[in-house]
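Student: got a predicted model here, sequence first, then my questions.
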Amino acid sequence: MLAGVAVVVLGLLVWSGAGFSWLRWFGRLPGDIRIERESVRFYFPITSMILVSLLLTLILNLLRRFL
């Protein structure tokens, strides 16, 4: 439950832009689908989510190995 709260807080900080200006490239990687029209915005971050998945897999495997 604590991890869920931490993820929500981190998400709100990133969404608000508080101190994360260096993270603006995330979500705009090649392979992320972004369609912005006058009345419609469609956003599907395929590449960004693959990157997050790989990073979390690496972290969890390291934690499992050393703990």
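Tutor: It's in. Numbers count the residues shown, from 1 in each chain.

Student: remind me which residues of this structure are low pLDDT?
Tutor: Filtered on pLDDT under 70, the chain yields the residue ranges 17-23.

Student: strands along that one, start to end?
Tutor: 33-36, 41-44 (DSSP state E).

Student: can I get these in TSV including distance to residue 5?
Tutor: Heads up, the C-betas are built off the backbone N, CA and C, glycines and all. Putting the strands of the chain into TSV (distance: least, Cβ to Cβ, whole Å) gives the following:
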stretch	distance to residue 5
strand 33-36	29
strand 41-44	25
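
Student: any chance of those in CSV, with distance to residue 14 and mean neighbour count too?
Tutor: Shown next, in CSV, are those (distance: least, Cβ to Cβ, whole Å; neighbours: other Cβ atoms under 10 Å):
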stretch, distance to residue 14, mean neighbour count
strand 33-36, 17, 10
strand 41-44, 15, 10
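
Student: out of these, which gets nearest to residue 67?
Tutor: strand 41-44 (34.8 Å; Cβ to Cβ).

Student: report the distance from that closest one to the chain centre.
Tutor: Taking Cα atoms, centre = their mean, to the nearest Å, the mean C-alpha location of strand 41-44 is offset from the chain mean by 15 Å.

Student: and the contacts of that strand?
Tutor: 27, 32-36 (Cβ atoms under 8 Å, 6 or more residues apart in numbering).

Student: quick check: the farthest pair among those?
Tutor: 27 and 35 (13.7 Å).
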